[in-house]
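Peer 1: Provided below are the primary sequence and the corresponding predicted coordinates.
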Amino acid sequence: MPLVVFCAIGFLASVGLLCLVWRRYFPEIGLAVVAAGTLALGLAGFTPIILPRAEVYEVAISCGYALTMLALLALWGACHRPHQRGRWLAAASLAYGLAIGARPTALFGAVILLLPVAQAWREGRRIWALLLAATGPITCIGLGLMLYNTLRFDSPLEFGQPYTLSSLRLVTQHLWSHRFFGFNSWVYFLAPACWSARFPFVHDITLPLLPPGYGSHEHPFGVLTSIPLVWLTLAAPLAWRGRSAEVRRILRGFLAAVALLVATRALLLGLFFNANLRYEVDFCPALVLLAAVGILGLERALAGQPAWRRAARWAWSLLLVFSLAFNLLASAIYHAEYYSDLGNLLLERGQVNEAIAHFQKALALQPDEAWLHNNLGNAFAKNGQLDEAIRQYQEALRLKPDHALAHNNLGLALGREGQMDEAIRQFEQALLLKPDHADARNNLGNALGQKGQTDEAIRQFQETLRLKPDHAGAHYNLGVAFSQKGQMTEAIRQLQETIRLEPGHVSAHNNLGTALYQQGRADEAIRQFQEAVRLKPDYADARRNLEAVLAARAASSPPPGASTNR
């Protein structure tokens, strides 16, 4: 809900700004042209794409978008209402300061607040009150943010980045570097989307080689190739062509401020170690606003040339239609991710049928995405529908043969079906593609162990633990393998490590009890069997082993052989 509210506020503020420009400087332009600009502001600035995914980052970005547009609206008032300039400028400073609170990367764009101050200085007016209005609210907000950061993170300039949940170690990661600028400039402005003949037709760009030290990327699209309407920003200077010096100065100054806002934000994003479509909302709506003004300027410049004006209308209309279509089609990517994320959450909660339904909805939007087929396969596998799971994994591999995770998951499903040789081939293929895939190596060890190749299985488990020392499953499997070879001391050590990492591992308690008893440590064995039964009262093997040991102690005779279960 907050995401929708913020996007609505940002849209209404930008439309209000466009209408102010139209009524003051382009009253001769027809309403249909303004309606086209309104459509562009609402649907051509990447906001429709992020709307389906109302997560933490999207909410902050949409909040920054709304507050930035409100700041521009107040800045317009400061430029065009000299007698109320201080009030409007203070409002702009307040709105932009709050925008920085939502998006700290907006900081350098605050230079636009000095535009009305510069205007007053050129008019020979006193500027100290205006300077205070421009800097006072934003400074107070900045000091408040610094105090908050100090109280929470022990540093006024720390915004919590190292505490972000991420697969990267952000404490040691270089977040900003000139090395990333060329790569980011390409993906944010020039990289074309990939197109196909199947809905939704739009697919992610083909990425060039990542720069050293670069982080991750998530659906970035080149603005100039995906939203070609923004090329009409180049026509914005026509807005002040042939006007009086006063009008030219004010209009040119305001549009230059909007362009400076776009440039500062885009420049800063170009230095960041990540590329993400949602980041483009920081500058793209303002760029579309400039393009809408460019359309107005073009219409005015060609007013006396009907043939050229008609041709220009066809041209910008086609650019508008393409830009709108791209935004609406590309939103399917985020819709699919929303359904997939919800499906994964439902799967974790054990609501398997509901998860399957959501994965299928995601695939209806993006039928050619291998990772969606893999997720649906996981849900079918958890539901015991192994044939359907295998079919989904195979489809994922048809679409993306180098999908290591799908190879691993297919191997697991085939192993459950008893096709052990084919399962081993899939695990080996996963490791060929991703040698550090610890789970695939552990699964390969399991498959080899089930074929009786215990020594090779042990090597795979040991390699798994080299890659991931806290892999509880590998410790457990290694302990069972050592038990099978009669190496009880090492088996006990591995099973104890399993329980340390995963105290609720019932089979580890049961097998540890068996190994301890075989070493003559009956009291310790009893405690392990009792813990296994406590954790899982219907665990027949552990209960049987416990009863056998207790009976043996009572009769002072060797107990029946205790069972060992993988």
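Peer 2: Right, received. Where do you want to start? If you're wondering where the values come from, they're calculated on a predicted model, not measured in any experiment. Numbers count the residues shown, from 1 in each chain.
Peer 1: which of the three states applies to Asp538?
Peer 2: Following DSSP: H, G, I helix; E, B strand; the rest coil, the label given to Asp538 is coil.
Peer 1: ok, it - contacts?
Peer 2: For Asp538, no contacting residues are found, by Cβ atoms under 8 Å, 6 or more residues apart in numbering. Placement of C-beta: from N, CA and C, glycine included.
Peer 1: can you report phi and psi for it?
Peer 2: Phi and psi for Asp538, reported as degrees, to the nearest 10, are phi -90, psi 20.
Peer 1: just give the closest residue to the residue nearest to the spatial centre of the chain, not the sequence neighbours.
Peer 2: When Cα atoms, centre = their mean is applied to the chain, the residue found nearest the centroid is Glu218 (5.9 Å). Distances taken as Cβ to Cβ, 6 or more residues apart in numbering put Asn276 closest to Glu218, at 4.6 Å, once the chain neighbours are dropped.
Peer 1: coming back round to it: does the residue nearest to the centre of the chain really touch Tyr279, like I thought?
Peer 2: No. Counting by Cβ atoms under 8 Å, Glu218 stays clear of Tyr279, with 9.2 Å between them.
Peer 1: any shared contact partners between those two?
Peer 2: In contact with both Glu218 and Tyr279: no residue, using Cβ under 8 Å, 6+ apart.
Peer 1: wasn't Gly213 part of a strand?
Peer 2: No. Under three-state DSSP, Gly213 falls outside any strand and is assigned coil.
Peer 1: what sits against it?
Peer 2: Contacts for Gly213 (Cβ under 8 Å, 6+ apart) come out as 173-174, 177, 179, 273.
Peer 1: neighbour-wise, which one of the residues you listed leads?
Peer 2: When neighbours are counted by other Cβ atoms under 10 Å, Phe273 leads those with 21 neighbours.
Peer 1: mind checking how far that residue is from His217?
Peer 2: Distance of Phe273 to His217, computed by Cβ to Cβ, to the nearest Å: 10 Å.
Peer 1: the helices in the stretch 251-400 of the chain, which residues?
Peer 2: Along the stretch 251-400 of the chain, the segments classed as helices by DSSP state H, counting those that start in this stretch run 284-301, 306-348, 352-365, 370-382, 386-399.
Peer 1: most packed of the ones you listed?
Peer 2: Greatest average neighbour count among those goes to helix 284-301 (a mean of 25), per mean count of other Cβ atoms under 10 Å.
Peer 1: how far off centre is it?
Peer 2: Relative to its chain's centre, helix 284-301 lies at 31 Å (Cα atoms, centre = their mean, to the nearest Å).
Peer 1: same thing with stretch 28-35?
Peer 2: Taking Cα atoms, centre = their mean, one finds stretch 28-35 lying 38 Å from the centre of the chain it belongs to.
Peer 1: where are the low-confidence patches of the stretch 301-450 of the chain?
Peer 2: For the stretch 301-450 of the chain, no stretch has pLDDT under 70.
Peer 1: quick one: pLDDT of the residue lying closest to Trp186 once chain neighbours are set aside?
Peer 2: Nearest non-adjacent residue to Trp186, counting by Cβ to Cβ, 6+ apart: Pro208, 6.6 Å away. Pro208 carries a pLDDT value of 84.
Peer 1: was I right about Pro208 contacting Ser185?
Peer 2: No. Between Pro208 and Ser185 there is no contact under Cβ under 8 Å: 11.3 Å.
Peer 1: who's more crowded, these two?
Peer 2: Between Pro208 and Ser185, Ser185 has the larger neighbour count (other Cβ under 10 Å), namely 16 against 11.
Peer 1: buried ones in the helix or strand hosting that one, by neighbour count?
Peer 2: Assigned by DSSP states H and E, Ser185 belongs to helix 181-185. Within helix 181-185, the residues that count as buried by 16 or more other Cβ atoms under 10 Å are 181, 183-185.
Peer 1: and the contacts of that helix?
Peer 2: Here helix 181-185 makes contact (Cβ under 8 Å, 6+ apart) with 208, 210-211, 214, 269-272, 275.
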